[in-house]
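Colleague: got a sequence here, can you model it:
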Amino acid sequence: MRNHFNYLNNQSGIGLVEYMMGAVISVIVLGVSIVVFTNQQSLLKDQNDNANIRAKGRQAIKTLAKEIRMAGYGLPPNQGIQDTLSTTSITFRSNLYDVKTTLPPPPTGTGALAGASSLTVVSTTGFAGTDNIVIYQPDFNTIEEKVVSSVQSGTVLNLSIDLTKAFEFGVNAKLILVNVYNSVVIQYTGTQITKTIDGGASTILVNDVASSNGLAFNYNGAATASAVDIIGITLNLLDTDNTDAVIEFKTDLSIRNS
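Modeller: Numbering: from 1, shown residues only. Model (predicted):
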């Protein structure tokens, strides 16, 4: 009887040990599973974040390229970029809202002569007082910049300062253009890239730019602003989940400046 009791006690002890070992193994297996799952989740998150920031960077580069390609739109050659070349900002002129007209071609030898205080044009639709305009006769490459003081009679643009150049029609030279131009500044400030038009309020084009070397413009070796025809853009964006990490994006674009 005693031997039987001892046998049962021994069997109970062995069962308890097996149970404890099974429990320990289960905990280890569960722990390993949790670690593997956590690592997989972290890896997937990193991959997703990386994909998101790359998509954001591609969109940011596309936005900047689209904005800067407007340099010189609606203006004579070499009139788009005229300010000092900077690696962290770009200032250019563009007819952003496509406001333009022409002078009606009268008989040969007449036109908008030097000393005139107004321009008679085909249409003043879209023009307003204080508009900056450029008058351009492509046949003779005659260019003059003026400011509109007022618009009247539907076809007359009054000028704040009289013309200094003569714009005369020839036998075959029948085109004199008048285009409004806007001054646009795109610049890198802090962790943002902003845009201003005619000195107005700035709008944000790109966020989460690296605070050091976040944006750089390259002008393809051009010595003067008027000679710029290709612009390189280098953009460094922050990984918002790891501000010590940045991803670089680059592109080159040609512009209408020349």
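
Colleague: give me the phi and psi for residue 25.
Modeller: phi -60, psi -40 (degrees, to the nearest 10).

Colleague: tell me the pLDDT at it?
Modeller: For residue 25, the pLDDT comes out at 76.

Colleague: all further residue positions should be reported with the first residue as 8.
Modeller: Shifting the count to begin at 8 puts that one at residue 32.

Colleague: can you name the element that comes right after whichever helix or strand residue 26 is part of?
Modeller: Taking DSSP states H and E as the definition, residue 26 sits inside helix 9-75. Moving toward the C-terminus from helix 9-75, the first helix or strand encountered (DSSP H and E) is strand 96-101.

Colleague: and the pLDDT for residue 224?
Modeller: For residue 224, pLDDT reads 93.

Colleague: assumed it was part of a strand.
Modeller: Yes: looking at residue 224 with DSSP: H, G, I helix; E, B strand; the rest coil, it is inside a strand.

Colleague: pretty sure it is touching residue 242, no?
Modeller: No: using CB atoms under 8 Å, residue 224 is not in contact with residue 242, being 10.2 Å away. Heads up, the C-betas are built off the backbone N, CA and C, glycines and all.

Colleague: where does the prediction get shaky in the stretch 108-257 of the chain?
Modeller: Scanning the stretch 108-257 of the chain for pLDDT under 70 picks out the ranges 248-251.

Colleague: thinking again about what came up before, more crowded one of residue 224 and residue 242?
Modeller: residue 242 (23 against 19; other CB atoms under 10 Å).

Colleague: my guess is that one contacts residue 254. True?
Modeller: No: Residue 242 is beyond contact range of residue 254, at 9.1 Å (criterion: CB under 8 Å).

Colleague: now do the shared contacts for the two.
Modeller: Shared contacts of residue 242 and residue 254, defined by CB atoms under 8 Å, 6 or more residues apart in numbering, are found at residue 64.

Colleague: show me the beta-bridge partners of the spatially closest residue to residue 61 that is not a sequence neighbour.
Modeller: Ranked by CB to CB, 6 or more residues apart in numbering and with sequence neighbours excluded, the top spatial neighbour of residue 61 is residue 254, at 6.5 Å. Following DSSP bridges, residue 254 is listed with bridge partners residue 244.

Colleague: number of nearby residues for residue 254?
Modeller: 15.

Colleague: with residue 61 instead?
Modeller: Around residue 61 there are 13 residues (other CB under 10 Å).

Colleague: got it, and the one 3 residues further on?
Modeller: Residue crowding around residue 64 was assessed by other CB under 10 Å; the count is 20.

Colleague: any idea how far residue 243 is from it?
Modeller: 9 Å (CB to CB, to the nearest Å).
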